[in-house]
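Trainee: What shape does this take:
(one chain, ligands or ions: 1)
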Amino acid sequence: MSASIPPAGDPALTGPGDPEHDPRASYALEPEYAGVLTSHLVATAGTTAAVRSPLNDAPLAHIPQSTVQDVAEAFARARRAQADWARTPLPVRERAMLLLHDLVLRHQDEIIDLIQLETGKARKHAFDELVHVALTARYYGRTARRHLGRERRLGVVPGLTRVDINRVPKGVVGIISPWNYPFNLALIDGIAALVAGNAVVAKPDAQTMLSALLGVELLEQAGIPRDLWQVVAGDGAEIGGAIVERADYVCFTGSTATGRLIARGCADRLIGCSLELGGKNPMLVLRDADLERAAEGAVRASFSNSGQLCVSMERIFVADQIYDRFVERFVARTDAMTLGSTLGWGNDMGPLISQQQLDTVTDHVDDAVRKGVRVLAGGIGRPDLGPYFFEPTIREGVSPEMTCFGKETFGPVVSLYRFHDEADAISRANSGEYGLNASIYSQDGARARFLARHLKAGTVNINEAFAATFASLDAPMGGMRQSGLGRRQGAEGVRRFTETQAVATQRLTRFGPQFGMSDESYAELLDANLHLLKKLRRA
Ligand code: NAD
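Mentor: Residues are numbered from 1 along each chain as shown. Reported below is the predicted structural model:
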């Protein structure tokens, strides 16, 4: 594909107008390039949705919209393609994933530029996205046979009952993904679904359709049949709902509120779903923590992608003895961050993605300020840097009556709390309804691992914020409580897209009296066998 994106380092400025109606305006992306990407959509509504870049509000593209009939058509195509794909040998599917790994790394500048243009995030955070996709593709490319291959289990009669377990693809998986990591979250679950023999019908978020479509383009280059991965565009409830009505399994990433709706829709149809939802993630800095390391980690934990990261930290609990020294370092590092709205490397943080995000962040901060919070860093919007910029913000004195105490802000805003003893810290970290990710900083790894077992979080990172678990692809990732259902990554992440089928082959004996035996004698024989098998320690 020939890409023509403004080179990295350029501000990609094109003015505020919409090129559809304003002859002086132009797109920040070549329309031909956007056209190649949107050609992957099943979208015949005859309407388009305008997308603008949060870097500078420049127009990016008009995205053709789908109808509910398009969703039905996408499923019909996907089902036909899936029947062949399920018969494609697993090693062939694995090879496609290894090729995808190489393609993602080869196209990294193009991918990063597009992610930045659509989300506004700093280049290093866009880079994180593609690295995680490459890791996922390589991981399943190397391990799918281990997770999905036929497995032998114990049969009831030793030596005479053979049990094989097959993992059968679900069929067509619906993937509904959000805007915050648009390339990554559009692809990583689908890679696992494909390698397990499924087809995909995806609905990426309306704001970030192009990054997701670039992923589809690369999948095709990696040898994935065109019809196997369908993409539709449109309103969340209407088009997302139409996916839930047709899919054999739904994989959803987004807010807890929408996750509940999806779960209800899946319950009505008795199909499975995995839900990767929100969080209000805690970090614990223990008295023996390496303070420089903890402060560096806290900056990444709180402000990566402007805090629009499901596993980022919004609450930091710090041991009394080191509180002041930690805060001094954390605030100094935050004040030194480079903020910017350009495509090049060097910025530590970009703008938020939209006015809606800016409004939520501003509301949460203003509400807390009105109720007496102390702002130690940031606390204000920066329209001089870009339309949706908000400074990285650290506060202390956040109390339960403030909105941001328990509600996810999903922005560059973090609250600091002192603790006196670790049991109290754990209990406060566990308060609230979420349970996605947590972090512990301590130089005593064994003690931190012991404490981790008491945290209600699906992942716990020790001396790291989130990357250690998230990048360890063999480790399952997902939320407890209101943060989700099911796990992505690892064996769990690929097996969720399969049905388990048990095949038992019985030899010689049968399950009933034989050779003229009465029912009673048969029961006595079974009884004796049960006692014998227990003595032999047979499960
Ligand atoms: P959202 O729930 O509003 O939207 C997510 C997706 O769902 C979008 O594609 C949207 O169009 C679609 N959608 C909306 N309503 C729908 C409906 N009724 N039926 C079907 N689909 C519907 O979430 P968001 O605000 O875009 O994303 C931010 C949230 O996602 C945050 O809460 C964040 O914590 C969470 N998130 C979680 C993870 C994770 O892995 N746990 C990762 C990223 C984001």
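Trainee: what sits against the residue most central in space within the chain?
Mentor: Note on the chain: the residue nearest the mean C-alpha position is Leu185, at 4.9 Å, using CA atoms, centre = their mean. Contacts for Leu185 (CB atoms under 8 Å, 6 or more residues apart in numbering) come out as 177-178, 253. Placement of C-beta: from N, CA and C, glycine included.
Trainee: what's the helix or strand for it?
Mentor: Following DSSP states H and E, one finds Leu185 within helix 182-195.
Trainee: Is Phe389 in contact with Ile353, as I believe?
Mentor: No: in this structure Phe389 lies outside contact range of Ile353 using CB atoms under 8 Å: 11.3 Å.
Trainee: Which among the contacts of Leu185 count as buried?
Mentor: 177-178, 253 (16 or more other CB atoms under 10 Å).
Trainee: In contact with Arg495: list those residues for me.
Mentor: Counted by CB under 8 Å, 6+ apart, Arg495 has contacts 147-148, 167, 196.
Trainee: need the residues of the stretch 251-400 of the chain near the ligand, please.
Mentor: 253-255, 258, 261-262, 276-279, 310 (CB under 6 Å from any ligand atom).
Trainee: Give me the distance between the residue nearest to the centre of the chain and Ala72.
Mentor: Going from Leu185 to Ala72 by CB to CB, to the nearest Å gives 25 Å.
Trainee: picking that back up, a markdown table please, covering the contacts of Arg495 and showing distance to the ligand, pLDDT and secondary structure.
Mentor: Formatted as a markdown table, the contacts of Arg495 follow (distance: CB to the nearest ligand atom, whole Å; pLDDT from 0 to 100; DSSP: H, G, I helix; E, B strand; the rest coil):
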| residue | distance to the ligand | pLDDT | secondary structure |
| --- | --- | --- | --- |
| His147 | 20 | 98 | helix |
| Leu148 | 23 | 98 | helix |
| Arg167 | 24 | 98 | strand |
| Ala196 | 19 | 98 | coil |
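Trainee: Could you identify the buried members of those?
Mentor: For those, buried by 16+ other CB under 10 Å: 147-148, 167, 196.
Trainee: a markdown table for these, including distance to Pro400?
Mentor: As requested, those are arranged in a markdown table below (distance: CB to CB, whole Å):
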| residue | distance to Pro400 |
| --- | --- |
| His147 | 44 |
| Leu148 | 47 |
| Arg167 | 46 |
| Ala196 | 44 |
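Trainee: Considering these, which is situated nearest to Arg315?
Mentor: His147 (34.8 Å; CB to CB).
Trainee: what's near enough to touch that closest one?
Mentor: Contacts of His147 (CB under 8 Å, 6+ apart): 167, 491, 494-495.
Trainee: Show me the residues you listed that map onto strands.
Mentor: Secondary structure assignment (DSSP state E) places Arg167 from the contacts of His147 within strands.
Trainee: between the contacts of His147, which is nearest Gln116?
Mentor: Val494 (30.2 Å).
Trainee: Am I right that that closest one is in contact with Ala192?
Mentor: Yes: counting by CB under 8 Å, Val494 does reach Ala192; the two are 4.3 Å apart.
Trainee: what sits in contact with each of the two?
Mentor: Counting by CB under 8 Å, 6+ apart, the contacts common to Val494 and Ala192 are Tyr140.
Trainee: what sits against the residue in the stretch 301-450 of the chain that the ligand sits nearest to?
Mentor: Evaluated by CB to the nearest ligand atom, the stretch 301-450 of the chain has Cys310 as its residue closest to the ligand, separated by 3.0 Å. Residues in contact with Cys310 (CB under 8 Å, 6+ apart) are 180, 253, 276-279, 436-437.
Trainee: any chance of those in a markdown table, with distance to Leu270 too?
Mentor: A markdown table is the format used below for these (distance: CB to CB, whole Å):
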| residue | distance to Leu270 |
| --- | --- |
| Asn180 | 31 |
| Thr253 | 22 |
| Glu276 | 21 |
| Leu277 | 21 |
| Gly278 | 26 |
| Gly279 | 28 |
| Leu436 | 27 |
| Asn437 | 31 |
